[in-house]
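K.L.:
quick one: sequence plus predicted model below, questions after.
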Amino acid sequence: MKRLEDKVALVSGAGRGAGAALALKLAAEGAAVVVNDLDAGPAAETVAAVTAAGGRALACAGDVTAPGFAGDFIATAIHGFGGADIVVNNAGYIWNAGIGATTDEQWDAMQDVHLKAAFRIARAWNPWLVERAREERDAAQGGVRRQARKMVNVSSVSGTHGAWKQIGYSSAKAGLIGLTKSLAREWGPLGVTVNAVAFGLIETRLTQVIAGETSIEVAGRRHRVGLTQEIRDNLYAQTPLRRGGAPEDAAGAVLLFCLPESDFITGQIIEADGGVGM
């Protein structure tokens, strides 16, 4: 039997990069997957890739920072697949500046997408978790084992160690670690583990080599993304493995916390960074 047979997983930001790679890995282990992306097109592409590989998936396109999104996300899993066993908060982007140039709008945008969205999704999931725990506690009297459920939050080495001119992003990713540890304590009695993975340099469109005006669009605003070749070369040189991580590397680290083998691990943060932070 596959290790996540009969489980339902939700992954935000799963239309591209590490999120898409994770959706495929979860499906390969037997989970039904709810795929979120800001844009409907990439979400549909990941769903198509999962189904083409023999898995089950539904799309839930939308902005994770929208007030009603969290409830819709959880509801899509419950109504579409009958449950919500694994939640991965992966959606996000980078809007960098130093302290002197960071505006309130910029600061709020980073907190909203990386921290507040995860908080809202956790809050929306909570009533269902409490109800399932109550039902399973009653069933346990008849010898039925409680189901383990998981939340995995995607943080960053910018949150664990700080980063030059990433005031808003680093602060939000550090806050996500606090959310992780607090939820691990609160949800432990419900049989839910809560852990985080802090990514280092992962090869995505956010870290591609800058070519002209390389940018992404979020909420009608274009954000310049990418790194110069010099910066990338320096980062590689500082990494013991001498490379950046592929999306599959990042997804693999998150998958570790989704599997039954991690059922007794909670409140932990691992760094998937090629050894930079050791």
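P.N.:
That came through fine. Residues are numbered from 1 along each chain as shown.
K.L.:
okay, now the unreliable bits of the stretch 1-150 of the chain?
P.N.:
140-145 (pLDDT under 70).
K.L.:
for it, which segments are assigned as helices?
P.N.:
With DSSP state H, counting those that start in this stretch as the criterion, the stretch 1-150 of the chain has helices at 17-28, 40-52, 69-81, 104-111, 117-140.
K.L.:
could you say which of those helices is packed most deeply?
P.N.:
helix 17-28 (a mean of 25; mean count of other Cβ atoms under 10 Å). The C-beta positions use only the backbone N, C-alpha and C, and glycine is treated the same way.
K.L.:
and that helix, how far out from the chain's middle?
P.N.:
The chain centre lies 11 Å from the centre of helix 17-28; the measure is Cα atoms, centre = their mean, to the nearest Å.
K.L.:
same for that helix, what does it pack against?
P.N.:
Using 3 or more Cβ pairs under 8 Å, 6 or more residues apart in numbering; DSSP states H and E as the contact test, the elements touching helix 17-28 are strand 8-11, strand 32-35, helix 40-52, strand 56-59, strand 86-89, helix 247-256.
K.L.:
would you reformat those as a markdown table and include distance to Ile78?
P.N.:
Output for these, formatted as a markdown table (distance: least, Cβ to Cβ, whole Å):
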| stretch | distance to Ile78 |
| --- | --- |
| strand 8-11 | 8 |
| strand 32-35 | 10 |
| helix 40-52 | 18 |
| strand 56-59 | 11 |
| strand 86-89 | 12 |
| helix 247-256 | 22 |
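K.L.:
among these, which is nearest Gly178?
P.N.:
strand 86-89 (13.6 Å; Cβ to Cβ).
K.L.:
grab the most central residue of this structure for me.
P.N.:
In the chain, the residue lying closest to the centroid (Cα atoms, centre = their mean) is Asn90, at 2.1 Å.
K.L.:
looking at the helices of the stretch 1-150 of the chain, spot the one closest to Ser158.
P.N.:
Ranking these by proximity to Ser158 (Cβ to Cβ) places helix 104-111 first, at 10.6 Å.
K.L.:
picking up where we left off before, for Ala246, which of the helices of the stretch 1-150 of the chain is the nearest?
P.N.:
So among the helices of the stretch 1-150 of the chain, helix 17-28 is nearest, using Cβ to Cβ, at 8.0 Å.
K.L.:
the closest one versus helix 247-256: what angle between them?
P.N.:
Interaxial angle, helix 17-28 versus helix 247-256 (axes from the mean of the first three to the mean of the last three Cα atoms, to 10 degrees): 50 degrees.
K.L.:
quick one: the strands in the stretch 151-278 of the chain?
P.N.:
192-199, 215-218, 221-224, 269-272 (DSSP state E, counting those that start in this stretch).
K.L.:
picking that back up, between the helices of the stretch 1-150 of the chain, which one is nearest to Ala172?
P.N.:
Closest of the helices of the stretch 1-150 of the chain to Ala172 is helix 104-111, at 4.6 Å (criterion: Cβ to Cβ).
K.L.:
rewinding a little: now the helices of the stretch 1-150 of the chain in JSON lines, please, with extra columns for distance to Leu256.
P.N.:
Formatted as JSON lines, the helices of the stretch 1-150 of the chain follow (distance: least, Cβ to Cβ, whole Å):
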{"stretch": "helix 17-28", "distance to Leu256": "10"}
{"stretch": "helix 40-52", "distance to Leu256": "20"}
{"stretch": "helix 69-81", "distance to Leu256": "21"}
{"stretch": "helix 104-111", "distance to Leu256": "27"}
{"stretch": "helix 117-140", "distance to Leu256": "19"}
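K.L.:
sorry, back to before: and the gap between the residue nearest to the centre of the chain and Gln268?
P.N.:
Counting by Cβ to Cβ, to the nearest Å, the separation of Asn90 from Gln268 is 17 Å.
K.L.:
returning to that earlier point: test my guess that the residue nearest to the centre of the chain contacts Ala18.
P.N.:
Yes. Here Asn90 reaches Ala18: they are 6.7 Å apart, a contact under Cβ atoms under 8 Å.
K.L.:
what residues are shared contacts of the two?
P.N.:
Val154, Val254 (Cβ atoms under 8 Å, 6 or more residues apart in numbering).
K.L.:
cool, thanks, talk later.
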